Each structure stands twice: as C-alpha cells, then as structure tokens.
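Asks: Quick one: sequence plus predicted model below, questions after.
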Amino acid sequence: MEKRKFGKTDMNVSVLGFGGAEIRSLQPHDPEALKTMDRLLGSALDAGLNVMDTAECYGNSEELIGLAVAGRRKDYYLFTKCGHAAGMEYDDWDPLLLAESIDRSLKRLKTDYVDLIHLHSCSEEILKRGEVIEVLKRAKEAGKTRYIGYSGENEAALYAIRTGEFDSLQTSINLADQRGIDLVLPEARDREMGIIAKRPIANVAWASGSEPPQNEYATEYWRRLRKLDYGFLQEHPQDAVATALRFTLSMSGVCTAIVGTTNPDRWVQNAKLLEKGPLAPGIIRDIREKWASTAEEDWIGQI
C-alpha cells in the first residue's frame with residue numbers, strides 16, 4: 001500500500017488508515033468479538049495499513065485495539081483523541097479531564113505512548129484559552145505522545161492551524177464535504193502539517209437510495225449528494241466507492257484517509273480500489289465545479 005510523508009514528522013503513513021469508531025459496540029470480553037478484531041486488524045496490518053485512529057469517546061474501541069494488536073505495536077502508528085468526558089466525572093475540555101483521559105487511553109491501548117493525540121473537535125473559543133493546548137504539550141514533553149494535533153472543522157480548525165502549535169490536522173474531506181479543501185487545507189499544507197481526511201467516502205450515504213440513512217452524519221451527506229447529483233454514484237457500488245475515495249486522496253496535502261469497518265476483508269478490497277491512483281484532473285475539476293455551483297451556505301464541515 002502506498003505510503004506518504006506525514007507533514008514534518010518522521011512518519012510515513014499508509015494512504016488508508018483504520019478508523020476505530022465502527023467497532024465501538026463490540027464487547028472486549030466476548031470471545032467472538034475478539035476473534036473478529038484479530039481478523040479485522042490483523043488483515044489490515046498484513047495488507048500494509050499502518051495507521052490506527054481511535055478516540056476516548058469511541059465506546060470500547062481503544063480497549064479492543066489494545067487487546068487485538070498490542071503485540072504488533074511496531075507495525076503501526078497509533079493515534080487517539082481527547083476532550084470528551086466519556087464516563088469521567090468532569091466537564092468536556094476541563095484540563096484535568098484531558099490529562100486523566102490521556103492516561104486512561106494509554107492504559108486501554110496497552111502502550112506507554114501513542115504517536116499522535118488530537119484535541120477532539122473543541123471550539124475556537126476553547127482553543128483561544130490555551131489551557132487544552134498546554135495539556136497536550138505537557139503530554140508530549142512527558143513522552144506520552146510523540147506528536148499533537150487538532151481534529152475538527154471550519155473556523156476552529158483554521159484557528160488551530162494558525163496557532164502553529166500542532167503537528168497535524170484531522171478534518172472531513174469528501175464528495176459531500178468540500179468546504180475544508182479551500183478553507184483549511186492550504187494553510188495546513190503551507191505549515192507542513194500531517195493531514196488526515198476523515199469520512200473520506202461520506203459514509204457511502206448515496207447507497208441508501210431514496211430513503212435517508214439512519215446515521216446522523218450520513219443523513220446530512222445524503223441530503224447534499226441528492227442535490228449534487230453526481231452521475232458516477234449510479235455506477236457499480238465498488239466503482240462509486242473507488243471514485244469517492246480516490247477523490248479525497250487526490251486532494252493536495254492529504255496524507256491518509258481514515259475508513260471504519262467491522263468487515264475483516266474490507267482492507268484488501270479498499271486497497272485494490274486505489275490501484276488506479278489519483279483521479280484524472282478533469283474528473284476532479286468536474287466534482288469541484290459541481291460543488292462550487294451547488295453547495296449551500298450551511299454546508300459546513302461536519303464535526
């Protein structure tokens with residue numbers, strides 16, 4: 001699988017990364033769930049994937065990853081996030097919460113350090129106070145994380161970039177979520193930040209047809225895609241997914257795209273979808289022009 005330099009860091013990341021949100025409901029003490037995790041993550045690593053991305057609030061995700069692949073720690077880069085209480089008796093974004101949450105994440109993940117910790121979608125107002133950034137900087141100084149980043153959208157993401165404090169940015173980039181391509185990617189590239197695209201295939205929202213999907217994010221993307229009316233989304237399902245994924249990875253500066261799944265065979269399938277490389281410039285131009293002529297004012301980046 002293709003690897004890309006992750007900003008100014010020493011990491012070369014696979015263009016596809018594992019997103020831990022989808023496994024949140026699996027039970028860590030269920031033998032069948034653990035077998036699924038062993039196959040899911042083992043097959044991903046064997047296919048050349050080397051990015052594991054999770055978060056403090058993704059249910060059992062951190063614990064499951066720790067149980068499944070702690071023994072292969074040298075085979076992948078481990079990213080997590082902090083900011084939400086997720087069962088701790090603090091308010092979200094309390095600096096004490098962040099410090100304890102980071103320690104909890106390390107324990108769950110069965111590791112002494114992670115490669116990257118993101119602030120998890122906090123507001124511009126909270127960023128401006130500076131306290132949450134200081135917590136991450138102290139975690140980095142203590143060796144609990146090698147790098148720090150911001151995960152979020154819109155003007156808050158732009159502010160985070162402009163602080164100059166972060167090594168990476170994680171933001172939504174896909175066919176139905178393109179505002180960040182113009183708003184945040186240029187400055188993130190200029191500062192040589194590692195850029196992670198989340199929701200790169202827009203939750204495959206077009207696949208639900210005439211009825212909106214149940215997932216909140218997918219429903220918003222479904223509404224947008226019906227108005228954008230990209231003809232290629234009517235192609236064979238795998239071809240449509242390939243176009244969506246290749247579009248995201250064709251955006252200048254994007255290093256890796258995070259895809260979540262519980263299907264152990266998905267990684268090899270997704271890797272094959274990328275064998276044709278970036279989309280042709282003409283296709284990218286058509287997609288961008290359709291967005292520019294169709295996007296409504298409230299089509300902001302989805303947190």
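Replies: Yes, it's here.
Asks: Now do stretch 56-73: distance from first to last residue.
Replies: One end of stretch 56-73 sits 19 Å from the other (CA to CA, to the nearest Å).
Asks: Please read the previous query as pertaining to stretch 223-235.
Replies: 19 Å.
Asks: swap in stretch 273-289?
Replies: End-to-end for stretch 273-289, by CA to CA: 24 Å.
Asks: State the number of residues packed around Gly20.
Replies: When counting by other CB atoms under 10 Å, one arrives at 24 neighbours for Gly20. C-betas here are computed from N, CA, C, even on glycine.
Asks: if I pick it, what's in contact with it?
Replies: Gly20 makes contacts with Met52, Asp53, Thr54, Ala55, Tyr58, Ser61, Glu62, Leu64, Ile65, Gly260, as judged by CB atoms under 8 Å, 6 or more residues apart in numbering.
Asks: Identify the bridge partners of the residue lying closest to the fourth one once chain neighbours are set aside.
Replies: Closest residue to Ala55 in three dimensions, ignoring its sequence neighbours and counting by CB to CB, 6 or more residues apart in numbering: Lys81, at 3.9 Å. For Lys81, the residues forming beta bridges with it (DSSP bridges) are His118.
Asks: Pretty sure Lys81 sits against Gly152.
Replies: No - Lys81 is beyond contact range of Gly152, at 10.0 Å (criterion: CB atoms under 8 Å).
Asks: so what sits against both of the two?
Replies: With CB under 8 Å, 6+ apart as the test, Lys81 and Gly152 both reach Leu119, His120.
Asks: Now Ile195. Its backbone dihedrals?
Replies: Note on Ile195: its backbone torsions stand at phi -120, psi 120 [degrees, to the nearest 10].
Asks: ok, what's across the strand from it?
Replies: With DSSP bridges as the rule, Ile195 is bridged to Leu169, Val254.
Asks: At which residues are the helices of this protein located?
Replies: Remark: helices assigned in the chain by DSSP state H are 31-46, 61-69, 95-109, 124-129, 131-141, 154-163, 179-183, 185-190, 216-228, 237-249, 266-273, 281-294.
Asks: now the fourth one: mean pLDDT?
Replies: It stands for helix 124-129. For helix 124-129, the mean per-residue pLDDT is 96.
Asks: What helices and strands are in contact with that helix?
Replies: helix 154-163 (3 or more CB pairs under 8 Å, 6 or more residues apart in numbering; DSSP states H and E).
Asks: ok, and for the helix it packs on, which residues are buried?
Replies: Asn154, Ala156, Ala157, Leu158, Tyr159, Ala160, Ile161 (16 or more other CB atoms under 10 Å).
Asks: Ok, stretch 245-256 next?
Replies: Buried-residue list, stretch 245-256, by 16+ other CB under 10 Å: Leu245, Arg246, Phe247, Thr248, Leu249, Ser250, Met251, Gly253, Val254, Cys255, Thr256.
Asks: can you check stretch 40-60 too?
Replies: For stretch 40-60, by 16+ other CB under 10 Å, it's 40-45, 47, 49-60.
Asks: Nearest the geometric middle of this structure, what residue?
Replies: Geometric centre of the chain, nearest residue: Lys198, 3.5 Å, by CA atoms, centre = their mean.
Asks: I'd say Glu134 and Pro95 touch.
Replies: Yes - using CB under 8 Å, Glu134 makes contact with Pro95 at a distance of 7.4 Å.
Asks: how close does the closest residue to Gly48 other than its chain neighbours sit to Glu22?
Replies: Excluding its sequence neighbours, the residue lying closest to Gly48 (CB to CB, 6+ apart) is Met1, at 3.4 Å. Distance, Met1 to Glu22, by CB to CB, to the nearest Å: 20 Å.
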